[in-house]
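Visitor: generate a structure from the sequence data that follows.
(chains A and B, ligands or ions: 2)
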Amino acid sequence: MSDGSRSSPHLLTPTSAGLYCAAGDFYIDPLRAVPRALITHAHSDHARRGHGAVLATRETLAIMALRYGEAFCAARQIVGYGQAVRLGDVDVSFHPAGHVLGSAQVLVANRRQRIVASGDYKRAADPTCALFEPVACDVFISEATFGLPVFRHPDARREVDKLIASCAMFPDRAHLVGAYSLGKAQRMMALIRQAGWERPIYIHGALEKITDYYAAEGADFGEIRKVAAAERSKLAGEIILCPPSSLQDVWSRKFPDPVAAFASGWMRVRARARQRGVELPLVISDHADWDDLCATIRESQCAQVWITHGEAEALVHWASTIGLDARPLHLMGYGDEEEVTDEAQT
Amino acid sequence: MNRFAQLLDRLAFEHARNGKLRILTDYFRHTDDPDRGYALAAMTGGLIFQHAKAGLIRTLIAERTDQTLFEMSYDYVGDLSETVALLWPARPAQSAFIGDNSPPPPTLSEIVETLRDTPKAVLPQALAGLLDQLDETGRWALLKLITGGLRIGVSARLAKTALALMGELEPDAIEEIWPGLAPPYLDLFAWIEGRADKPVVSDPAPFRAAMLAHALEETNLASLDPEDFVAEWKWDGIRVQAVAGYDDEGVVVGRLYSRTGEDISGAFPDVLEAICARNFGAAAIDGELLIVREGRVESFGALQQRLNRKKVDAKLIAEYPAHVRAYDLLSEDGQDLRALPFAERRMRLTRFLETRTPSRFDLSPLVPFSNWEALAQARRDPASAGGDAGAIEGVMLKRVDSLYVPGRPTGPWWKWKRDPFTLDAVLMYAQRGHGKRSSFYSDYTFGVWREGVQGDELVPVGKAYFGFTDADLKLLDKWVRDHTTNRFGPVREVEANRKIGLVLEVAFEGVQRSTRHKSGVAMRFPRVSRIRWDKPARDADRIEAVEALIGERKAGV
Ligand SMILES: [Zn+2]
Ligand SMILES: [Zn+2]
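Guide: Ligands and ions are numbered 1, 2, ... in the order given. A predicted model of the protein is given here:
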């Protein structure tokens, strides 16, 4: 890195607006409007509107436009996975993060340093997005949403089997499955089809736009039907996907004796599931679990690991026990889409 | 084990009784012997083995995980068994390919046998070995089982009801033979599935399914002839069955059962001694368990001191002496009397108690009446019965010709409870319900006025979550959402002050002193009987009115 840099010895610096690269004059997933932004993925806490120029994958840009309208930024540039782009004094490239459609890790590099901002990521198989690709680096920047060793996500297919078994056991009850509208919901559709469910899958209106986009991009979800208000009482025995917040909404009341299911990594902990009144917890997450966080950090061969958000403390402790220089960045403003109210509704 | 664990996991999240029943019958239908029998035993409290202490489990996990990570995890999860189940290092991923040579996870029977046969000294290794072979849910269930912390919201009665459904039987038919059965209940399942005859029970002191009464509505009286009935007090204790008999070697076997057939002898050695005494003989008495001091029946609160205890000491027995007030004689000298009419059973009961004079037993007196009005008067003023009015919940009507029929037949017996107490209280907090009601604020904490340092303040006195109709619930839910002042997780605090507040008429069966409640009082069976949309919050009742009810009961005793 050019020694002319005034501040950090690193290519990226944590600031209150997010990670900043002075050598390239850009932010990654900035928390407020900036002149130039690199966006890892389209979840609303990472992809905000109002930036000047935005560089992201084609899918991320398309989903942002779907959500915010075409005028969400002044200028946009598509970058493909693995394609290098020169910005100021640095090279940047995007690599699959396995989180949702279009999600990417951002590698920022010059001759002396390679640093990866991984955004949100997972290692488990997901038929709706590209598989995570490890990128060797000096500094690995990781999330830690599930950064406690109690979070070990089981095989998602076995969790979906539970849902199917419940539909067989309770054919007189509607099965409402809370799933985040971007990514989780579509992964659920794919998993439900993989499990052999041939009936239509019903969806809440809030999931429609993004689901249509996934389908246009080639995902095959079989027959998807939007739930019509008047039809709700007739959906006994059916699977209905909805934003998590709708589970306890007045909307859910009209279904026949609904079973409240929720697909989230948080469902691993019983108290969390009970607190939300969930009857059928499905431990399915689009974030890395503890084992995968640790494995990914090791695999990156980094000497330093920075933790952006989540349960940073335990992961920092673990990293230091294996001799890594680990630091929590305490970046405020990155939420946790598996838990928070779904912004897609508003 | 993993199957059993999934069953427990699913039951723990299912709130509806019918849902639980369906999950249980499905499990029993699709699980082989002897696993399902051990599962049944686990749910009915019939699994007996060396329990592990929390300390042992902490030691096991400390050997396997980083202390700091454990502390952070435990802090987050809040439950030791669950934390350990999740933290336990997983076995190296098993290949699902042909040639996979690893053993299948242990079955519930294998686990029960291992735990039963393992000497205490090697329990840690044995337990660790089992945990290694299970998945997260399996580990959780095993740890709950072995620490005695298995609470899944399934009563023994519910499990038996599920079995009955499976074999299209009455739950009481299972209840009746239950005391003579043992895990893994192969004979029971064979009978339920129609593969074998009803198991022959050789228990010398068996439980006989209880006969219960329907609640009387005053409108029923018009169609009933007072000539056909006798009346007794309905005592406010717990319904029990005291049974004694002789085993093959002539040794006396005595038991005290609860109404549902649970053996509660262990908590009442004083009563058991009386049952096993020579003069009791081989007999079965249906009666009410009460605390009686110097000939006076104490309130239900006194009896609670003796309930749900595994062990009791001499001091507790002396302080709260237990007693059975006899209602009925079901068998005498090995002869089943249940097919005799009530009048005849009553005669034999009276003679039994007079001639044998078992200690701690006496006869429940009849309430004389010539017409329904006279009985209504006695019900309103039980003090006319003597000094025990504080322990009377109403009257029982029994047809003189009624046979002792298990279950709740319509017609022969009626219970006519005293009117509930009511109180106008102010809604203070509302909590989201469960299951079907999870989108409603349906659990209500209410309070009454008391004098505080800065004038009148509300003090919570109870919680109610039933009594209202679905239409009321919608209105209550809306009121809560419109008047929320504060939120704590699933709980909302609502406006409750002299100017604004919702008054609920709360009905309840009684009230007693309690050191565990902020207000110093605890209500029995509170429910919302009416929503007083018309009543200003400032006119709701005061704590003094509640305390007066305790006084009233005391005076009666
Ligand atoms: Zn995300
Ligand atoms: Zn995130």
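Visitor: helix, strand or coil for A:Leu107?
Guide: strand (DSSP: H, G, I helix; E, B strand; the rest coil).
Visitor: wait, what's in contact with it?
Guide: Contacts for A:Leu107 (Cβ atoms under 8 Å, 6 or more residues apart in numbering or on different chains) come out as A:Val92, A:Ser93, A:Phe94, A:His95, A:Arg114, A:Ile115, A:Val116, A:Val135, A:Cys137. For glycine as for every other residue, the C-beta is placed from the backbone atoms N, C-alpha and C.
Visitor: list only those of those residues flagged as buried.
Guide: For these, a burial check counting by 16 or more other Cβ atoms under 10 Å in any protein chain shown picks out A:Val92, A:Ser93, A:Phe94, A:His95, A:Arg114, A:Ile115, A:Val116, A:Val135, A:Cys137.
Visitor: from those residues, which land in strands?
Guide: Counting by DSSP state E, the part of the buried ones among the contacts of A:Leu107 found in strands is A:Val92, A:Ser93, A:Phe94, A:His95, A:Arg114, A:Ile115, A:Val116.
Visitor: how close does the fourth one get to B:Ala16?
Guide: Counting by Cβ to Cβ, to the nearest Å, the gap between A:His95 and B:Ala16 amounts to 48 Å.
Visitor: now the residue of the stretch 1-150 of chain A found nearest chain B. Nearest residue, chain neighbours left out?
Guide: Residue nearest to chain B within the stretch 1-150 of chain A (Cβ to the nearest Cβ): A:Val150, separated by 3.8 Å. Setting aside the residues directly before and after it, A:Val150 is nearest to B:Leu86 in space (Cβ to Cβ, 6 or more residues apart in numbering or on different chains), at 3.8 Å.
Visitor: secondary structure class for A:Ala314?
Guide: Assigned with three-state DSSP, A:Ala314 falls in the helix class.
Visitor: got the contact list for the residue of the stretch 51-200 of chain A found nearest ligand 1?
Guide: Nearest residue of the stretch 51-200 of chain A to ligand 1 (Cβ to the ion) works out as A:Asp120 at 3.5 Å. For A:Asp120, the contact set (Cβ under 8 Å, 6+ apart) comprises A:Thr40, A:His41, A:His43, A:His46, A:Ala97, A:His99, A:Ser103, A:Glu143, A:Thr145, A:Asp286, A:His287.
Visitor: and which of these is nearest A:Ala165?
Guide: Closest approach between the contacts of A:Asp120 and A:Ala165, by Cβ to Cβ: A:Asp286, at 23.2 Å.
Visitor: which pLDDT does the model give the residue of the stretch 1-150 of chain A closest to chain B?
Guide: According to the prediction, A:Val150 has pLDDT 95.
Visitor: same deal with the one 4 residues further on?
Guide: The confidence metric pLDDT takes the value 92 at A:Pro154.
Visitor: the closest residue to it other than its chain neighbours - how many residues pack around it?
Guide: Sequence neighbours aside, A:Val283 is the residue nearest to A:Pro154 in space, at 5.6 Å (criterion: Cβ to Cβ, 6+ apart). Counted with other Cβ atoms under 10 Å in any protein chain shown, residues neighbouring A:Val283 total 25.
Visitor: repeat for B:Asp477
Guide: Per other Cβ under 10 Å, the neighbour tally for B:Asp477 reads 19.
Visitor: so it makes contact with B:Ser438?
Guide: No - counting by Cβ atoms under 8 Å, B:Asp477 sits too far from B:Ser438 to count as a contact (11.5 Å).
Visitor: export the contacts of A:Asp120 to CSV and tack on pLDDT and neighbour count?
Guide: Output for those, formatted as CSV (pLDDT from 0 to 100; neighbours: other Cβ atoms under 10 Å in any protein chain shown):
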residue, pLDDT, neighbour count
A:Thr40, 98, 26
A:His41, 97, 29
A:His43, 95, 25
A:His46, 95, 26
A:Ala97, 98, 30
A:His99, 97, 29
A:Ser103, 98, 31
A:Glu143, 94, 28
A:Thr145, 92, 27
A:Asp286, 96, 32
A:His287, 96, 25
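Visitor: on that earlier part again, how about the residue of the stretch 51-200 of chain A closest to ligand 1: what's its closest non-neighbour residue?
Guide: A:His99 (4.5 Å).
Visitor: so how far is B:Ile192 from the residue most central in space within chain B?
Guide: Nearest residue to the geometric centre of chain B (Cα atoms, centre = their mean): B:Ser155, 7.6 Å. Per Cβ to Cβ, B:Ser155 is found 19 Å from B:Ile192.
Visitor: and B:Ala244, by the same measure?
Guide: For B:Ala244 relative to B:Ile192 (Cβ to Cβ), the value is 30 Å.
Visitor: so those two - more neighbours on which side?
Guide: Applying other Cβ under 10 Å to B:Ala244 and B:Ile192 shows that B:Ala244 carries more neighbours, namely 24 against 21.
Visitor: low-confidence ranges in chain A?
Guide: A:1-8, A:336-346 (pLDDT under 70).
Visitor: which SSE is residue 182 in?
Guide: Reading this off chain A. Here A:Leu182 sits in a region with no helix or strand, counting by DSSP states H and E.
Visitor: and B:Phe446, by the same measure?
Guide: Per DSSP H and E, B:Phe446 falls inside strand B:441-452.
Visitor: any idea how many residues pack against B:Asp35?
Guide: 20.
Visitor: ditto for A:Arg272
Guide: When counting by other Cβ under 10 Å, one arrives at 18 neighbours for A:Arg272.
Visitor: flag every residue of chain A that's near chain B.
Guide: A:148-152, A:154, A:162, A:166, A:169-170, A:247-250, A:252-253, A:257-258, A:260, A:268-271, A:273-275, A:277-281, A:291, A:311, A:313-314, A:317-318, A:321 (Cβ under 8 Å from any Cβ of the partner chain).
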